[in-house]
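> this one's structure only:
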Ligand code: HEM
């Protein structure tokens, strides 16, 4: 090679290097994206890939969060379950994340999406999500659920009767109550033919929900995936029967099947399975905590008993029918506060997940695109800045409305719970009968909590259960 050629190659290398240096210098002084110059929130990221997953799950996750908040403040970074993330315990910041749907989207592991059904409401944003939300909300407005009180009452009475004189696991029995109410709201009271099949398949699906996502014959995950197919087939069968009979139905399936809804059968099945999932364990867990707190706070139980007996006395005196109606359920202020206080103190959903859709600047920090963001409901509900003596069970604190955004047991914003009214109604109805007709005492360890994934009293709260008289 000639000397001039070598010199030319050397020159072109040098010019490329210089150009590169010039570009970098230019963007340093005139950054193209100001956000990327911002610092990340304080905190530590732990080990490569595994991050701080073990620290978080080797203890009560709330201890992990509380320690971090003490050290780094209400917004800190970490790395869990293979993802970098920002955790947030400031009420206004949590509201920002939950309400800015254009910046943060819901995010779930792929295995959970496959199990519940990829077209279920939780996983979506935009027009498809808005349509589903409208259909679900329509079925669960106070106006729509008013008429369900007698049917819910009869489910509650049957459940309570079946517990009499037995040692029961409160959570399991509450789950049996809440799935029956869920099926009532979804399929109406006449769907008795397929109800047992639906429950059987759902129980198998549920057993595999938290299993390792290995889809091989014999694994829990495989059985759950098979059960989800059976569930979808059963829903398809009910849809087909309804189409033949051309009858109108005021339940959730009726709402999903309406022409205006424009949903395919597969979309309907995914969302029916999704709503059973969202409705059942949540409400059963809260009811289990209520039973525990009432047992531990005799003065609150006594005042609640008086509230419910007075409803019965009024009915007797006026010669009104003894069964509960909608206006009775609006006349239970103390019981409603007991539910609120339990939702706060038990905070069964400790946190939720969102993902940043783009680089987001927040309070002087950068939340990079693709990072997970976790609003920490439980820490917000347990902060002394938001609730005085936060560890004390005190329903009277809800005589005054909590400060804005400090109480969000049903979430906030675009994905806030559309089932909150029916959840409260079914809790009030069951509590009315539980408190007026029964007494109970818990058995075994008293203060343990297990996470699976909701925070639950240890072993599901075993208790013995007797009629009052
Ligand atoms: C006490 C019981 C319940 C609690 C504490 C609860 C809590 C929540 C929370 C916190 C969210 C929002 C999650 C997030 O933003 O990531 C949510 C969403 C949801 N809940 Fe509930 N829930 C309860 C009962 C119910 C019931 C009875 C139903 C049945 C209708 C239901 C249906 C749903 C649905 C469909 C969503 C998803 C909404 C969407 O993505 O747009 N929930 N729930």
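Perfect, I can see it now. Given the structure is predicted, the values throughout are model-derived calculations rather than measurements. Residues are numbered from 1 along each chain as shown.
> from here on, contacts and neighbour counts on C-alpha atoms
Noted.
> Spatially nearest residue to the residue most central in space within the chain (excluding sequence neighbours)?
What sits nearest the mean C-alpha location of the chain, by CA atoms, centre = their mean, is residue 349, with 5.7 Å. In this structure, residue 349 finds its nearest non-sequential neighbour in residue 454, 5.8 Å apart by CA to CA, 6 or more residues apart in numbering.
> repeat for residue 204
residue 224 (5.6 Å).
> Could you do residue 303 as well?
In space, residue 303 is closest to residue 334, 7.9 Å off (CA to CA, 6+ apart).
> Within range of the ligand, give me the residues from the stretch 51-200 of the chain.
121, 122, 133 (CA under 6 Å from any ligand atom).
> so of those residues, which ones are in helices?
residue 133 (DSSP state H).
> longest helix anywhere in the chain?
helix 265-296.
> Following the chain past that one, name the next helix or strand.
Counting by DSSP states H and E, the element after helix 265-296 in chain order, helix or strand, is helix 298-318.
> got the angle for that next one vs helix 265-296?
Here helix 298-318 runs at an angle of 110 degrees relative to helix 265-296 (axes from the mean of the first three to the mean of the last three CA atoms, to 10 degrees).
> Which parts of the chain are strands?
75-80, 83-88, 104-106, 166-169, 354-356, 360-362, 365-367, 372-375, 438-442, 449-451, 455-457, 462-467 (DSSP state E).
> Of those, which shows the lowest average pLDDT?
Among these, strand 449-451 has the lowest mean pLDDT, at a mean of 83.
> what packs against that strand?
Here strand 449-451 touches strand 455-457, going by 3 or more CA pairs under 8 Å, 6 or more residues apart in numbering; DSSP states H and E.
> May I have the strands that pair with the strand it packs on, each with its orientation?
The strands beside strand 455-457 in its sheet (DSSP bridges) come out as strand 449-451 (antiparallel).
> how about the partner strand: buried residues?
residue 449 (16 or more other CA atoms under 10 Å).
> Need the contact partners of that strand.
With CA atoms under 8 Å, 6 or more residues apart in numbering as the contact definition, strand 449-451 has outside contacts at 455, 456, 457, 458, 459.
> change it to 6 Å
456, 457, 458 (CA atoms under 6 Å, 6 or more residues apart in numbering).
> Where does the prediction get shaky in this structure?
1-36, 445 (pLDDT under 70).
> May I ask you to confirm that the residue nearest to residue 349 is in contact with residue 346?
No. Between residue 454 and residue 346 there is no contact under CA atoms under 6 Å: 9.5 Å.
> Of those two, which one has the most company?
residue 346 (26 against 18; other CA atoms under 10 Å).
> And the residue of the stretch 51-200 of the chain closest to the ligand?
Among the residues of the stretch 51-200 of the chain, residue 122 lies nearest to the ligand; the distance is 3.7 Å by CA to the nearest ligand atom.
> Could you tell me which residues of the stretch 351-469 of the chain lie near the ligand?
So the stretch 351-469 of the chain meets the ligand at 352, 409, 410, 411, 415, 416, 417, 418, 419, 420, 422, 423 (CA under 6 Å from any ligand atom).
> Take the strands of the chain and write them to JSON lines, including distance to residue 303.
Output for the strands of the chain, formatted as JSON lines (distance: least, CA to CA, whole Å):
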{"stretch": "strand 75-80", "distance to residue 303": "40"}
{"stretch": "strand 83-88", "distance to residue 303": "37"}
{"stretch": "strand 104-106", "distance to residue 303": "41"}
{"stretch": "strand 166-169", "distance to residue 303": "25"}
{"stretch": "strand 354-356", "distance to residue 303": "41"}
{"stretch": "strand 360-362", "distance to residue 303": "46"}
{"stretch": "strand 365-367", "distance to residue 303": "48"}
{"stretch": "strand 372-375", "distance to residue 303": "35"}
{"stretch": "strand 438-442", "distance to residue 303": "15"}
{"stretch": "strand 449-451", "distance to residue 303": "27"}
{"stretch": "strand 455-457", "distance to residue 303": "24"}
{"stretch": "strand 462-467", "distance to residue 303": "19"}
